[in-house]
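In: Make a model of this:
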Amino acid sequence: MVFTLRLPEKESTLLLILALVYLLSRLPPMVLMPLVQDEAVYSMMIGEQASHFTMIPTWFGYPMSWKPAPFFWAYAVFYKLLSGLPLEVIFRFPSFLFGLLTVPVLFHLLRNLGASRNLAFFSVLIFLLSYPSVYPNATLLTDSLLFLLMSSSLYLYTDKRFGDFRFAGAAALVFAAFFIKLFIAFMVPLLAVAYFYQADRKTLRRPVFLLSLLAVPLAFILQTWILQSSGLAEEAYLSDVGGHLVSKAGLLGQLQQLVGSLNVFVSSCGIWFALSLFGVWKHWKENKFMTFWYALLILPVLTGFFMPWYYLPVMPAVAYFTATALLVWNGKEKPDAFFTIFFSLALFFTVVLTIGLYLDVYGDFVSQKEAGLLLAGKENVAIIGTYAPGILAYKITTEKRENLDIDVGWVLIHPAMLSANSTELVDDFVLDYRSEKHSTIDGSFSKIFMEEAIFRKDTNITQFDYFVLVGSNTTALQNATVLYNQSSIVIYKVR
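Out: Sure thing, here's the model as predicted:
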């Protein structure tokens, strides 16, 4: 007797299984992980939007060009509603919810694209247990909401049951997607054209479809106009966006960026990526739309240096060809014993890999949380050194929960500037926060990811009782009391 793996007949049962997998894979990191880098910055910006919505998001009261405001507005609503929960849950729950809503959308999208029930189920299962999809769904990042909007737009494009209405709905969704993470939304019109080129070329000439393709360009024009009102358009599009595509370090830097991007993606995907390559090699002709979607991997390869979540919009294609490689042989689906055993082992090792990656991240960033919570409620604090926004985020957000408005100083020094004279450089700011011995950018932190410079936060504090040194040393605090010393973060109490 030949063993055959049989899935439940009802699609609702399959979706319930997938939802359970989603919950089990996302809830632990959402609750247990400390806020990591960009999360910390976004949490402070969300707090400012919760207090006062602005057309351009702000940080320390200064407009920021990095991301459009609607992302922060949406998360600010949840910030107000979930005020009694742990900080990590408050800020990450929207991402968690948006990712959960994406599960049925993605399943039905794959069905619209020609996948069988089995193939759609296993594709979504692989997708859900891939680190590049787990991470953004359990993290305060723009990608979870972005992917929900993009997937929903593609779903409408591919479902004839909605008639011409679907083009207006798809356009509205991708228009909104642009205001979450800018240019990545252009993937949707590209995929829509590719889909109808394969499925129904007459639609490519229909005015209603062609009009829907204008949604992203219109969003781009509107966002440019909004940014231009604060003089930030050039900064956003040339410096920030261009910085992801072109390395300032020249050709060698460009190659390092490409290799680093691929290395992070391949290592975080584990066996799935290798299997997807085999699936493309064997089955690319069977669904040329999915092959085109897979080819869009080139976009995150060019822009996702050390950021595996940038691959989220192409992970459905990676998962689809991975599932195809395992499930389809000689044109037939064979969920036999070999498939079941191999797939189960692959799932197990993928889960182990994901846990290992999370443990590494936890070890790298829990010290910022500990330092921030230790400083919460303390006045006259100055933070000096390299980029560790979690310290500020945990201090500021904890104080806001207790209705405290405590000023804090922050001197952010680019790592390239902390060379042999780093002790002298740090000493100058420890002895005089407003020192003019070094060129600084005061007030706005909008260019911290673009400029190798020293940034200094505005503050009314004249004397500091606590100094936090990050990734640096000082000789000016030899007689101070050390309250904390972990992972290159040292907290001194001077009086």
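In: Mind giving me the packing neighbours of the lengthiest helix in the chain?
Out: If you go by DSSP state H, the chain has its longest helix at helix 337-375. Judged by 3 or more CB pairs under 8 Å, 6 or more residues apart in numbering; DSSP states H and E, the packing partners of helix 337-375 are helix 11-32, helix 131-137, helix 271-283, helix 315-327, helix 389-401, strand 466-470, strand 481-486, strand 489-493. The way it works is simple: take the backbone N, C-alpha and C, and place the C-beta from them, glycine included.
In: now these as CSV including mean neighbour count and distance to Ser439?
Out: CSV is the format used below for those (neighbours: other CB atoms under 10 Å; distance: least, CB to CB, whole Å):
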stretch, mean neighbour count, distance to Ser439
helix 11-32, 16, 40
helix 131-137, 27, 37
helix 271-283, 18, 44
helix 315-327, 26, 43
helix 389-401, 22, 22
strand 466-470, 24, 20
strand 481-486, 13, 30
strand 489-493, 21, 25
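In: Can I get these in JSON lines including mean pLDDT and distance to Ala192?
Out: Output for the helices and strands packed on helix 337-375, formatted as JSON lines (pLDDT from 0 to 100; distance: least, CB to CB, whole Å):
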{"stretch": "helix 11-32", "mean pLDDT": "95", "distance to Ala192": "25"}
{"stretch": "helix 131-137", "mean pLDDT": "94", "distance to Ala192": "22"}
{"stretch": "helix 271-283", "mean pLDDT": "90", "distance to Ala192": "21"}
{"stretch": "helix 315-327", "mean pLDDT": "93", "distance to Ala192": "15"}
{"stretch": "helix 389-401", "mean pLDDT": "94", "distance to Ala192": "37"}
{"stretch": "strand 466-470", "mean pLDDT": "94", "distance to Ala192": "46"}
{"stretch": "strand 481-486", "mean pLDDT": "92", "distance to Ala192": "50"}
{"stretch": "strand 489-493", "mean pLDDT": "93", "distance to Ala192": "48"}
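In: So which of these is nearest Glu333?
Out: helix 315-327 (5.2 Å; CB to CB).
In: ok, Lys378 touching Tyr466?
Out: Yes: contact criterion CB atoms under 8 Å: Lys378 and Tyr466 qualify, at 5.9 Å.
In: and the most centrally placed residue in the chain, what pLDDT?
Out: What sits nearest the mean C-alpha location of the chain, by CA atoms, centre = their mean, is Leu141, with 4.0 Å. pLDDT, Leu141: 95.
In: give me every residue that touches it.
Out: 38-39, 42, 95, 135, 309 (CB atoms under 8 Å, 6 or more residues apart in numbering).
In: what's the closest of the helices and strands packed on helix 337-375 to Thr303?
Out: Going by CB to CB, the one of the helices and strands packed on helix 337-375 nearest Thr303 is helix 131-137, 13.6 Å.
In: Pull the distance from the closest one to the chain's centre.
Out: Distance of helix 131-137 from its chain centroid, counting by CA atoms, centre = their mean, to the nearest Å, is 8 Å.
In: before we move on, what about stretch 441-453?
Out: On CA atoms, centre = their mean, the centre of stretch 441-453 falls 21 Å from that of its chain.
In: for stretch 94-110, same thing?
Out: Relative to its parent chain, stretch 94-110 has a centroid offset of 16 Å by CA atoms, centre = their mean.
In: who touches it?
Out: Contacts of stretch 94-110 with the rest of the structure, by CB under 8 Å, 6+ apart, involve 11, 14-15, 18-19, 22-23, 26-27, 30, 74-75, 78, 119-121, 123-124, 127-128, 133, 136-141, 143-145, 147-148, 151-152, 154-155, 158-159, 316, 320.
In: list the buried ones in it?
Out: Within stretch 94-110, the residues scored as buried using 16 or more other CB atoms under 10 Å are 94-96, 98-100, 102-110.
In: Return the member of those residues nearest to Thr203.
Out: Thr203 has its nearest neighbour among the buried residues of stretch 94-110 in Leu109, at 17.2 Å by CB to CB.
In: Distance from the host helix or strand of the closest one to the middle of the chain?
Out: Using DSSP states H and E, Leu109 maps to helix 87-112. Remark: helix 87-112 is offset 13 Å from the chain centroid, using CA atoms, centre = their mean.
In: orientation of it relative to helix 337-375 in degrees?
Out: Helix 87-112 and helix 337-375 meet at an angle of 150 degrees, taking axes from the mean of the first three to the mean of the last three CA atoms, to 10 degrees as the criterion.
In: just checking, next helix/strand downstream of helix 87-112?
Out: Following helix 87-112 in sequence, per DSSP H and E, is helix 117-128.
In: relative orientation of that following helix and helix 271-283 in degrees?
Out: Between helix 117-128 and helix 271-283, the angle comes out at 140 degrees (the same axes, to 10 degrees).
In: Need the contact partners of helix 117-128.
Out: Contacts for helix 117-128 (CB under 8 Å, 6+ apart): 7, 11, 14, 17-18, 21-22, 25, 103, 106-107, 110-111, 115, 133-134, 272, 315-316, 318-320, 322-324, 326-328, 333, 335, 343, 347.
In: can you give me the angle it makes with helix 315-327?
Out: 120 degrees.
In: What average pLDDT does helix 117-128 get?
Out: The model assigns helix 117-128 a mean pLDDT of 94.
In: Alpha carbons of it, as PDB, please.
Out: Extracted in PDB, the C-alpha atoms of helix 117-128 (Å, rounded to 0.1, in the frame of the first residue of the first chain):
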ATOM      1  CA  ARG A 117      -5.300  23.200  -3.100                       C
ATOM      2  CA  ASN A 118      -2.200  21.100  -2.100                       C
ATOM      3  CA  LEU A 119       0.300  23.400  -3.800                       C
ATOM      4  CA  ALA A 120      -1.300  26.600  -2.400                       C
ATOM      5  CA  PHE A 121      -1.400  25.100   1.100                       C
ATOM      6  CA  PHE A 122       2.200  23.900   1.100                       C
ATOM      7  CA  SER A 123       3.400  27.100  -0.500                       C
ATOM      8  CA  VAL A 124       1.800  29.300   2.200                       C
ATOM      9  CA  LEU A 125       3.100  26.900   4.900                       C
ATOM     10  CA  ILE A 126       6.600  27.300   3.600                       C
ATOM     11  CA  PHE A 127       6.100  31.000   3.400                       C
ATOM     12  CA  LEU A 128       4.900  31.200   7.000                       C
END
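In: before we move on, back to that, where's the residue nearest to the centre of the chain, which helix or strand?
Out: Leu141 is located outside every helix and strand, with elements delineated by DSSP H and E.
In: relative orientation of the helix holding Leu109 and helix 389-401 in degrees?
Out: 110 degrees.
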